[in-house]
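Asks: One predicted model, sequence on top.
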Amino acid sequence: MRHNKKFNHLGRTNTHRNAMLSNMACSLIKHKRIFTTVAKAKALRKFVEPLITKSKEDTTHSRRVVFSNLQDKYAVTELFKEVVQKIGDRPGGYTRILKTGNRLGDNAAMCFIELVDYNENMLKEAPKKAAKTRRSRKKSTAAEAPATEEQAAE
């Protein structure tokens, strides 16, 4: 029985999966946005968000823990210096998955996974639209009728 085994193995062995997630996490930290399949992005989110939370506390121990997962000292320094500056006050939810459709060759669901505070388009607040109200025909014809009567009187 497979009760409570919700882990997505992604069709890979344990070592291959760990290496792939580590490489994808390094690419995400360096480039702030990567293009991948939805299944890999969801697995990557579970992998990288605890690392970002760990990097909020800049101690030797937390750096060693993050390095043991990433195995890339440039990604670790980028994470502890630049990324934490932007998302240090955020309580969680450091990544965003934007679905883009299906891949042409094998119809796999594709998406972008990105660090939340680095997408400039999403950071801009949308201009507030005026509240739309429903208007019935009776009101519009009643409003037009006095105007036409005034024009007729002139």
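Replies: Perfect, thanks for sending it. Numbers count the residues shown, from 1 in each chain.
Asks: can you give me the strands in the chain?
Replies: Remark: strands assigned in the chain by DSSP state E are 33-37, 95-102, 109-115.
Asks: Looking at the residue sitting nearest the centre point of the chain now. What's its pLDDT?
Replies: When the chain is reduced to its mean C-alpha position, the closest residue under CA atoms, centre = their mean turns out to be Arg96, at 0.8 Å. Looking at Arg96, its pLDDT stands at 95.
Asks: how close does it sit to Val116?
Replies: According to CB to CB, to the nearest Å, Arg96 stands 5 Å off from Val116. All C-beta spots, glycine's among them, are computed from the backbone N, C-alpha and C.
Asks: Kindly report the same for Glu49.
Replies: On the measure of CB to CB, Glu49 and Val116 end up 11 Å apart.
Asks: what touches both of these two?
Replies: Between them, Glu49 and Val116 share these contacting residues under CB atoms under 8 Å, 6 or more residues apart in numbering: Gly93, Tyr94, Thr95.
Asks: Could you report the neighbour count for the residue nearest to the first one when sequence neighbours are not counted?
Replies: Okay, so that is Gly93. Using CB to CB, 6 or more residues apart in numbering and skipping residues adjacent in sequence, the residue nearest Gly93 is Val116, 6.6 Å away. Neighbour count for Val116, taken as other CB atoms under 10 Å: 15.
Asks: thinking Val116 is in contact with Thr95, fair?
Replies: Yes: counting by CB atoms under 8 Å, Thr95 is a contact partner of Val116 at 6.5 Å.
Asks: now the closest residue to Arg17 other than its chain neighbours: how far from Phe112?
Replies: Of all residues not flanking Arg17 in the chain, Leu10 sits nearest, at 5.7 Å (CB to CB, 6+ apart). According to CB to CB, Leu10 and Phe112 sit 18 Å apart.
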